[in-house]
Structure formats: structure tokens, C-alpha cells
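Participant: curious how this folds, go ahead:
(2 chains)
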Amino acid sequence: MIRGLLRTAAAATALLTISVFSAAQAADTLVWWDFLGGGDGVRMKALIDEFNKEHAGKIQIEATTLDWGTPFYTKVQTSTAVGQGPDIMTYHESRIPLGISTGSLSVITPEEMAASEIKASDFEPADWKAAQDADGKQYAIPLDIHSAILYYNKTLLKQAGLLGDDGKPKGFDGIANWDAALAKLTANGVSGLTFPTADNASTWRVFYTLLNQEDGVFFKDGKFLDGDNLDKATTAIAEMQKWVKNGWTPKQTEYAGSIAQFTSGKAAMMINGVWEVPTMVDLQKKGQLFDWGAIQIPTLYAHAATWADSHSFAIPDRKGNPLTPAKRKEVLDTIHWFNEHSLEWAGGGHLPAFNPVRDSDAFKNLKPNSDYASLAATAVFDPVTPLAGVASPVYDAAGNYAMPAVNGEMDPADAASQMRDDLQGQVQ
Amino acid sequence: MMLKSKRNELLAAAVLMAPFVIIYGVLFVYPTLRMVQLSFTNAPLIGDGKFVGLDNFIRLSRDRLFSTAVWDTIYFVLLSVIPSTIFGLIIALGVNRLKGWVQSVVLACFFLPYILPVSLVYRIWAWMLDKDFGIAQYAIAPFNGGVNISIFRTIPLFMPAVGLITVWWLIGFNVLLFIAGLRNISKELYEASALDGAGRWVQFTHITWPLIWPVTVLVLTIQFILQLKIFDQVYLFSDGGRADATMVMVQYIYKQAFQQNHGGLGAAASLVLFLVIVIFSVLQFQLLKTRGGEK
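Facilitator: Residues are numbered from 1 along each chain as shown, chains lettered A, B, ... in the order given. You can find the predicted model right below:
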């Protein structure tokens, strides 16, 4: 009995010794937090596995996926305040103003970036700037540009004579042409266009796209929808309301419902995020989808513009427990590695933020991504204020005012001015 | 000698109570006091703020959204507390008349929703009521001129729908409490009254109702406190929609403190809710107790 116990104890000690020994030899661990679920999560896990394999014995990423939106940013804020948190984390560029105001983000210096071969010239200027504060200090490095795009059913467009020989829609630019196309496509129980009209974020993306196509400014110098920008906002909301009123766009459609309307052929076109591209690719692989394509949202007003955001990488500002310079170098090297390998990330529909990858032949052959890659040059990022960005008061305001107007429950002018007053009241 | 043993007794009591008092003090009293203190500052979610006196409370009294939240909370309490008590009693009366395994199966059916997490409840109902593909739309559309309607994006329908779902979800617990209460009523009372020629209705109004009253008060009070703190269902069903129009108090606190980083204002709103719950539940309990006692 006693002998047995002794033997167990000896074995345990030996095991402990071995594990301590191997831990001493093991690679550096990078603690990683992200908010990537669904297909994005699977894709990122594959990339992390590839990274870990390539860096075996040197760096190992230990990744945790947390809840998207407000819970993620609250957790980052509370943990960094007490010196806890990850070494590296994903961050929406649109939420960087919030991260700066809550002191969650650490500044990345030009010297550090240079040491890890991260160059501003490798990114679109608007995308790069969206990760900075007003003084031009860098708080994050973008990984992708994700945006809203126009998905279309080639069969239905062809029937309506709206498909060019290149397989892309023709004659959509300008309000008159666009409206005529929607009217033509709406027939036999099929709607011309669907987007999630019961979802605040989707409503915001379409609204912000149209507003920027009119050269409208949503927020500047502490003021929301200042001057004639209010009229431009009204015009944008009224246009979206018209789609619903005329029956071209189904009203009060949930996010999943909108996708189902498109994939079941009940809507000829759909505006949704690039992240739904894998949904279409997978359905088509299974032979359950018609011939489809995706392009940049057409230019309805003065010039091309599309709402966009970026998944970026940031280093948390852990109070009293900052990352050592050596660790920071490791993190930035890691970020650069992910940018160099962002072609795989593009499989999720996203556009790589890293120009060398987006300009590569491999990406140009990636369909349909390369068909809408043109939007990167005219992408407009969310207004720079802690009140804007994913799951923000601005998104809420889009749901509280623009969305009911789009569905015909409110006057567009009232919606625009109430949205302005509500948000202005939240400026401190 | 007497004095010494009394002192010993006190010492023993203090030693035995200390763990509880310390834990209670550290985990409940201290944070509550800090929350009260926070409500008089302009602190963000994390970190200290400046003392601003009653500013937060003045801001609350002027905030249209906060008054919406107060009214919606009261509305929701009315929609959920009373129906779930009445239907809980009716179902319990019915189940109580059943015997053996049939009773167990029926009781289990009513209790099953209660064990579901709120996220699942949300999924089930959002799926059934979906405007385009929900199965329940076949039953609802005829009342809307044959057109499908989005229940959770049509503001007047929102609170009644969430109230109904909440009653469906939580009623099992009330049924259980009522059944326990009904089983405590002696059968002899019913037998004696039957011999005296009392019918079912007379039996209910003169025996069951007065004797079940203490349980009814308990159910009402538990439900009342629970529903004043309503958050999950309203948050989930209004997410992505016109959240402001159906805002409830805890949701307002969450929005201010966690989304907008206004720790002080969030604390002030929490304090108001805390006082509302204390005042109303004491009032309600006293009122119902005396009324029951008169019977």
C-alpha cells in the first residue's frame, strides 16, 4: 500500500520535473483575444494554427474568442485598467476613438513599426488614418477592409436585360437608372432589392454609403449633421424609404430573413456585408444556389463611396503591467505576418488591407472579391467619435430613427433631425 | 458567573457569525455603498470621477429616455406579474385534480420552459415569429389583413409579446408554488363542506382562495421584484431594432454604464431602481398581507 503510494508520488514528481523542464524550453506565448465568430472564427483559427506551426519553438499564440461588440470592448477596458488582458487583440477601427477615450489602447511608435517592416504606404490612406487619433498617433494596424456590397442574381438580371456581356450589372449608376432597375426587377413575387430593413447596423451601412455619395458629412468638429448635411441625410433616408414604399424592397426584414430572400430567389439583389460571400460560395458548392455575382454598391449620387470598417490588431495599454519592448516587437512581427498571409483571410469575403496582397495576382484571381476590390479606394470609414462604430450609439440611432423611416413609420426629415438631436445630446 | 457565561455566549455568537458578516460586508454592503458614492460623481465605467452633487439625478429626471424606461418597466410588470399569477393558479388548480403519472407528465410540460436559458427562449420565439419565415405567421397574418407582420419591430406589439413569452417561460415555477400550497389545504375541509352542500365555486371562494392567499402574496412579490429587474428578454428581442422605444430600466443602466462609459449616471439610475424595488415591494407585501388578514 505504502509502496504503491510512494511509487505514485515518485511518478508525479518525475512528471512535474519534466513539465517544468519543457516549459522552460517552450516558446514564448502570445496571449490573443479576438471577437471573431462564425466563418471568420474558423478562418482565423486556421491562420493561427499555421502561424504556430511555422513558429514552433519560438512563438505560440494562445487564442481566446470572446463575445462580439459591447461585451468585448467592456472586457478590454476593465482588464487593461487593472493591468490584465492579452498581448495582442483584434479591434474594429471604428471603435478606436472609444478605445482611446477609455485608455485601452497603447500607441505604436513609428520606430517600432519600422523595426517590424510595417509601412503606412502598404495600406490605403483612409484605412491607415482610421487607426489614428487626431494627432496622427497610430493605435492599430489594419488587417482587412470589410464593407457592404451588392450581391446579384445573374439569371434574374439577365431576364430583365440588366446584365452586361461581362456578367456584371449594367446601367445602375445615378438615381434614375437605379430606381428604374429596381422597378423592372420587381415582378412575379420577386423584389428588386433586399437588405435587412429590421436591423440597425445594416440600415446604417446603406444610409452612410448614400450620405457619403452625396458628399454629406455625418460628424465634424463636434457637430452631427451640421448645416445642409441634415438635408443630405434626409435625401438618403427618403431614397431608402422609396424602395420600401414602392415595394422594391421588403419591409421589416430580419438579417437572416434578408439573406434567405436573396438565396431563395425571392429578391434579385441584396446589399449586405462582404462577410456573407462564404455563405454564397458554400451554397453554390453544394449546388443550391443560382449563378451570382457581387460588385461595389453603384454610385447613385455625386461620386462613388461605400461604408467600410476594418478588423485591425491593437496592443492593449495594460496599466502597471505593460508589454516589454521585446514582447512588443514580437507582437508587431506577428501582426506583419498576418498581413502577409491575409490572402487566406480574404476567403471570408474581406479585402486584405495590405496592398501587396490586394495587388497580387493570387488575389486578382480570387472571385468575387476582386470584382468589388475597387471599393477600397473610395471607402469611407465611420465618423471619428467615441459615439460611432460597431454596436455604438450611432448604430442605435440608425435603428431608432432611420430604420422606422425606411419602413414608412416616420417622416425622413423628422428622422434625420431627431437622429441629429439625439446624438448631439450625447456629445460631452 | 451569569455574566461570564453570557459573555462566552456572545463571543461564540460573534465567532460563528463573523464569516457571514465579513463576506456579506465585503461582497454586498461595501459595493452598495460605493455604488451610492459613485452616483454622485461623473466617473466613467472604470476609474474615479469628480463629485458633481445631484447632477446625475437631475439629468435622469430630464432624460426622455429614462422616463420611457421607467414607464416601459411598469408596463411590463403589469403585463407579466398579474397574468403569470392568475394563470399559474388556474393551471395549478387543474393539475391538482389530476392523479398519478398523468399529473407528473402535465406538470413537467408546464415546468419545462422554466429550465430553459433565456438565450434559447429568445431563439425559439424569434424563429417562430420571424416575419418572413416564422411558422406562427400563418396564425397571425389573418389578423393583419393577410400580411405577415414583424412582431418585435412593431412597437405597440413589442411589450405584450415579450410579456406573453415571459409568462410562458416562467409560469412553471408559480404553478409549482401553488400546487405545494394547494396540497397543504386539508382534504377534510372539502369533505365537510361537501356534506354541507357546498358546490365547487363556493368551495373555491370560501376554502381554497383564503387558504392559498399567503402563497399568492409570495408569488406576486417574487414575480414583482423579478420583473422590475427585467433586462434579458427585452434586450435580446429589441437588439438591432428601435431599442429606445422599448427601453426598460436595467437596459438603460447597461446602455449608460457599459456602452457609453457613464459609470456615475449608470449608478444613479441603479440607485433609483433599487429604491423603487424596495419601496414597492415593502408596500405591496404589507398591503396584500393586511388585505388577506381581513378575510
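
Participant: closest residue of the stretch 1-150 of chain A to chain B?
Facilitator: In the stretch 1-150 of chain A, the residue found nearest to chain B is residue A:81; the distance is 4.2 Å by CB to the nearest CB. Using the backbone N, CA and C atoms, a C-beta is placed for each residue, glycine as well.

Participant: name the element the spatially closest residue to that residue that is not a sequence neighbour belongs to?
Facilitator: Using CB to CB, 6 or more residues apart in numbering or on different chains and skipping residues adjacent in sequence, the residue nearest residue A:81 is residue B:46, 4.2 Å away. Under the criterion DSSP states H and E, no helix or strand holds residue B:46.

Participant: burial measure for residue B:46, as a count.
Facilitator: As a burial measure, residue B:46 scores 18 neighbours (other CB atoms under 10 Å in any protein chain shown).

Participant: for it, list the residues it contacts.
Facilitator: Neighbouring residues of residue B:46 by CB atoms under 8 Å, 6 or more residues apart in numbering or on different chains: A:77-78, A:81, A:102, B:263.

Participant: now do the residue of the stretch 1-150 of chain A closest to chain B, the pLDDT please.
Facilitator: Predicted confidence (pLDDT) at residue A:81: the value is 92.

Participant: now do the buried residues in the helix or strand of chain B with the lowest mean pLDDT.
Facilitator: One helix or strand of chain B scores below all others by mean pLDDT, DSSP states H and E: helix B:263-294, with a mean of 82. For helix B:263-294, the neighbour count (16 or more other CB atoms under 10 Å in any protein chain shown) marks B:263-273, B:280-281, B:284, B:288 as buried.

Participant: now swap in stretch B:53-73 and tell me
Facilitator: B:55-57, B:59-60, B:63, B:65-66, B:68-70, B:72-73.

Participant: and stretch B:157-177, by the same measure?
Facilitator: Buried residues in stretch B:157-177, defined by neighbour count with 16+ other CB under 10 Å: B:158-159, B:161-163, B:165-177.

Participant: would you confirm that residue B:52 contacts residue B:39?
Facilitator: No. With contact defined as CB atoms under 8 Å, residue B:52 does not reach residue B:39; the gap is 9.8 Å.

Participant: between the two, which is the more surrounded one?
Facilitator: Set side by side, residue B:52 and residue B:39 show more neighbours around residue B:39, with 23 against 18, by other CB under 10 Å.

Participant: let me see the confidence value for that one.
Facilitator: Value for residue B:39, per-residue pLDDT: 95.

Participant: could you do the one 3 residues further on as well?
Facilitator: Model confidence at residue B:42, expressed as pLDDT, equals 92.

Participant: that one is in contact with residue B:49, isn't it?
Facilitator: Yes. Under the criterion of CB under 8 Å, residue B:42 makes contact with residue B:49 at 4.4 Å.

Participant: tell me, what's touching the two both at once?
Facilitator: Listed as contacting both residue B:42 and residue B:49 by CB under 8 Å, 6+ apart are residue B:264.

Participant: quick one: name the residues of chain B near chain A.
Facilitator: Taking CB under 8 Å from any CB of the partner chain as the measure of proximity, chain B contacts chain A at B:44-47, B:126, B:130-133, B:149-150, B:153-154, B:240-245, B:255, B:258-261.

Participant: for chain A, what's its nearest residue on chain B.
Facilitator: For chain B, the residue closest to chain A is residue B:150, as judged by CB to the nearest CB, at 3.7 Å.

Participant: burial count for that residue?
Facilitator: Using other CB under 10 Å, residue B:150 has 22 neighbouring residues.

Participant: so what's it up against?
Facilitator: Per CB under 8 Å, 6+ apart, neighbours of residue B:150: A:198, A:252, A:254, B:131.

Participant: make it 10 Å
Facilitator: Listed by CB atoms under 10 Å, 6 or more residues apart in numbering or on different chains, the contact partners of residue B:150 are A:197-198, A:251-254, A:257, A:407, B:129-132, B:134, B:137, B:157, B:241.

Participant: those residues, buried ones only, as a ChimeraX selection?
Facilitator: Restricted to buried positions by 16+ other CB under 10 Å, the ChimeraX selection for the contacts of residue B:150 reads:
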select /A:197,198,251,252,253,254,257,407 /B:129,130,131,132,134,137,241
